[in-house]
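Asks: Have a look at this prediction, sequence included:
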Amino acid sequence: MTTLAVRASGRSRQLAGTGTLLRFALRRDRVSTPVWVAVNALMVLSMPGTLRSLYGTTAERVGLVTQLETNASFRALIGPVFDTSVGALTAWRVGVYAAALGAAMSMLIVVRHTRDEEESGRQELVASGAVGRRAPLTAALLAAAVADAALALLVTAGLAGQGAGGALAFGLGLAGVGMVFATLAAIVAQLTESARLARGLTAALLGAAFVLRAAGDSAADDGSSPLTWLSPLGWLENLRSFADERWWVLALFAAAVAAQAAVAYALAGRRDTGMSFLPTRPGPAAGRLGTAGALARRLQRGGVLGWSAGFFLAGVVYGGLTDGAAGLVRDNDSARRIFERMGGHSGLTEAFLASMTGMLGLIAALFAVASVLRLHGEETSGRAEPVLACAVGRLRWAAGHLTIAFGGSALIMTLAGLGFAVGYGKEVVPVLGACLVQLPAVWVIGGVAVLLYGAAPRLAPAAWGVAVAVLLIGWVGPALDAPRIVLDLSPFGHLPKLPGGGMEWGPVLTLTALAAALTATGLEALRRRDLAG
């Protein structure tokens, strides 16, 4: 009994202060986490109404399912469908993407409250108090669990009208995927010494899970491929929400979470604070890193490479789907009208290409915001001060990162256009032009991020809210037939609909000038204000 009491006391000391750290983490994430959860839940809960407007009768839904069963490309992109009910079609249409978004949220939360804290030195300060060795990791995982539970609760309640059992299964499945990747991020945070590398590796693992699921679903129309079962995203599909649920699949999520959490805790107990099992290789102090611009390129090159590869592959996939998608909606007036609202009235194929290039433009705005806010991260972490203490002005320091933000967005949209040309197999110049015409709107969102960072650095993360709001307007607005005044709130709503439509230089030049003005104003504010202490 004495030995057991000592062991229990030791475990209790290991977790001392967990509640306080959890409250602190939730307070720090009081804006970002609700935004992540609300956006994801809104994407899911808006889908039943959209599907009813598109496929209002059982016969129309049966026809859709029949076409999808023979279309391997659509299965790879979205997944298989197991029933003709609105609930099952909702789980099919948004399940993979809602799960991926929830996984990204969970991974970012865990990395932020573990490796980010250690890299900044705050964790060492916290650990000097009455805080157990495993309390920070526990608080980070609990913060991710709170976010995933909130998402599951909203989705379950919102979809209960489609079937209580299916809604519960779908909500629990989304939470399960989130926690699998949260515990996976906890392992990666122990292995890497850099938060940037930890986020990159976790994003790569999420991408690998998506690729495995896509390869498996393209090979089998019922989710039975071994490749599908290797991916947590595939487990969500095989849960079969709203289609004779397989409740036992939830045990896979529970087992994976428990196993990965055990590994993360074991690793956390075997290293010193701030150290890692895969130490960062030191780089050169001169030569190619002799300028602020070279340093910015080195810091952001991994992200640019990842986004570039992703956009090229997305272009190839969407280009290959063009003819099939046009045939899929040709006989459905409601679906055709949505594509025409998104991509113009010049023709169904051109409308699909325009809508898909527009969607990639909306996502490219997220890249621009992330690249701009790297300035904010460098400043708040204290890494900017040593650079600016040398013969480097603030504008020259900022220019290196802004070159990545604005030039990198042009690069990834160019690669997307080339990917469309490869996948579609024809009309290289029109689809490339359709991708490049998105850049002025992308740059406007980037300019907003520069303005917020330069003028009010505490509000700089709000740039994510602006980008997400624009994404929702562009994604959900046409499906809900939102009024023109709402669509015009997004800079993307003013761009010409290419290919197929006529080129309108007025909006393009106006948006470019607006982006330049926002950026210049933000840089002037940065030049005049104090840096964060």
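Replies: Thanks, I have it.

Asks: I'd like the distance between Ala104 and Tyr97.
Replies: 11 Å (Cβ to Cβ, to the nearest Å). In this view, the C-beta of every residue, glycine as well, is placed from N, C-alpha and C.

Asks: for Gly425, same thing?
Replies: 26 Å.

Asks: So if I had to pick from those two, which one is more boxed in?
Replies: More crowded of Gly425 and Tyr97, by other Cβ atoms under 10 Å: Tyr97, with 17 against 12.

Asks: Which parts of the stretch 301-450 of the chain are helices?
Replies: 333-343, 348-372, 374-380, 384-388, 394-424, 428-436, 439-455 (DSSP state H, counting those that start in this stretch).

Asks: As CSV, these with distance to Asp217 would be great.
Replies: Shown next, in CSV, are the helices of the stretch 301-450 of the chain (distance: least, Cβ to Cβ, whole Å):
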stretch, distance to Asp217
helix 333-343, 22
helix 348-372, 20
helix 374-380, 35
helix 384-388, 45
helix 394-424, 18
helix 428-436, 26
helix 439-455, 31
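
Asks: List the contacts of Leu388.
Replies: For Leu388, the contact set (Cβ atoms under 8 Å, 6 or more residues apart in numbering) comprises Arg394, Trp397, Leu531.

Asks: Which of those sits closest to Pro461?
Replies: Each of these was checked against Pro461 using Cβ to Cβ; the closest is Leu531, at 17.3 Å.

Asks: I'd guess the closest one is in a strand, am I close?
Replies: No: going by DSSP: H, G, I helix; E, B strand; the rest coil, the assignment for Leu531 is coil, not a strand.

Asks: Tell me how many other residues surround Leu191.
Replies: Other residues close to Leu191 by other Cβ under 10 Å number 16.

Asks: What of Ala259?
Replies: Around Ala259 there are 12 residues (other Cβ under 10 Å).

Asks: Can you point out the buried residues in the helix or strand hosting it?
Replies: Secondary structure assignment for Ala259, by DSSP states H and E: helix 250-268. Within helix 250-268, the residues scored as buried using 16 or more other Cβ atoms under 10 Å are Leu250, Leu252, Phe253, Ala256, Val257, Gln260, Ala261, Ala264, Tyr265, Leu267, Ala268.

Asks: need the helices for the stretch 51-200 of the chain, in chain order.
Replies: All helices of the stretch 51-200 of the chain, identified by DSSP H, counting those that start in this stretch, fall at 58-69, 72-77, 86-113, 115-120, 122-127, 135-159, 164-191, 195-219.

Asks: Dump the ones you listed into CSV; add mean pLDDT and distance to Ala513 as well.
Replies: Shown next, in CSV, are the helices of the stretch 51-200 of the chain (pLDDT from 0 to 100; distance: least, Cβ to Cβ, whole Å):
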stretch, mean pLDDT, distance to Ala513
helix 58-69, 72, 44
helix 72-77, 70, 37
helix 86-113, 88, 33
helix 115-120, 76, 37
helix 122-127, 66, 41
helix 135-159, 92, 39
helix 164-191, 92, 41
helix 195-219, 81, 33
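
Asks: got those as a markdown table, with distance to Pro34 columns?
Replies: Shown next, in a markdown table, are these (distance: least, Cβ to Cβ, whole Å):
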| stretch | distance to Pro34 |
| --- | --- |
| helix 58-69 | 34 |
| helix 72-77 | 29 |
| helix 86-113 | 11 |
| helix 115-120 | 20 |
| helix 122-127 | 23 |
| helix 135-159 | 8 |
| helix 164-191 | 15 |
| helix 195-219 | 21 |
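
Asks: of those, which approaches Val39 most closely?
Replies: Per Cβ to Cβ, nearest to Val39 of those: helix 86-113, 7.4 Å.

Asks: isn't Ala215 right up against Ala208?
Replies: No: if you go by Cβ atoms under 8 Å, Ala215 and Ala208 don't touch, sitting 10.6 Å apart.

Asks: These two: who's more crowded?
Replies: Taking other Cβ under 10 Å, Ala215 and Ala208 do not tie; Ala215 has more neighbours (15 against 12).

Asks: Which residues are in contact with that one?
Replies: Ala76, Ser225, Leu227.

Asks: list the contacts for Ala167?
Replies: Counted by Cβ under 8 Å, 6+ apart, Ala167 has contacts Gly87, Val155, Thr156, Ala157, Gly158, Leu159, Ala160, Ser241, Phe242.
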